[in-house]
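*Asks:* Sequence and computational prediction follow.
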Amino acid sequence: MRDTSTVPLGYDARVTASLEDLPFTEFIQRPTAATGRLASVRALRLRRRDAEDLVVMPAERAEREGEVIDLTARLLVSLLRQEGGPALVQAVLPDVLPWVRFLPPEDIGILATELTETVAASASLGITAPIAQLLIEWKHTAEVHADPELHARLTRPAGEDYGPALPPDGGDE
């Protein structure tokens, strides 16, 4: 028998962390069979042809995940308010986000500061989208730094300055 003494109450360790892909039409045609799969996967990703995919999961699981995200955000905000907190976050960022290693050291400090401010603001609103957007933007920055040829193309002088951009023709004036 498996030792479950360290598994949080209400958590089924057999449930995987992945999403199972399922065509939306299959979900519509066989909803009982589709939702039955939720006993062994975290959630179902319903693939749709002409629209954004949807995710289906039990409401209780979604609420638990929301509580964990909220707790994690509040812990991070509290840690960052402690003396030495921002430096600690900056020090562990390469362990948490391995792509950070491609950023110049001064950019890692800027990322840590922006992350601190964004997590605090997002936690106060109960949303995560700004945090995800910040991480996407910084990851793309790391991708540029990781590719010397791309970095050189994007950082070399573009040539002469062509002055201010003109407003588009036919627009509202």
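*Replies:* Received, thanks. Residues are numbered from 1 along each chain as shown.
*Asks:* Quick one: name whatever helix or strand follows the least confident helix or strand in the chain by mean pLDDT.
*Replies:* Across the helices and strands of the chain, mean confidence by mean pLDDT, DSSP states H and E is lowest for helix 59-81: a mean of 84. As assigned by DSSP states H and E, the chain's next helix or strand after helix 59-81 is helix 85-96.
*Asks:* Heading C-terminal from that next one, find the next helix or strand.
*Replies:* Next element after helix 85-96 (DSSP H and E): helix 105-125.
*Asks:* which residues touch the least confident helix or strand of the chain?
*Replies:* 10-11, 42-43, 85-86, 88-89, 116, 119-120, 122-123, 126, 128, 131 (Cβ atoms under 8 Å, 6 or more residues apart in numbering). C-betas here are computed from N, CA, C, even on glycine.
*Asks:* Which residue lies nearest the spatial centre of the protein?
*Replies:* The residue lying closest to the centre of the chain (Cα atoms, centre = their mean) is residue 132, at 3.7 Å.
*Asks:* tell me which element it falls in.
*Replies:* Counting by DSSP H and E, the element that carries residue 132 is helix 129-146.
*Asks:* between that helix and helix 105-125, how big is the angle?
*Replies:* Using axes from the mean of the first three to the mean of the last three Cα atoms, to 10 degrees, the direction of helix 129-146 lies 170 degrees away from that of helix 105-125.
*Asks:* and helix 129-146, which residues are buried?
*Replies:* 131, 134, 138, 141-142, 145 (16 or more other Cβ atoms under 10 Å).
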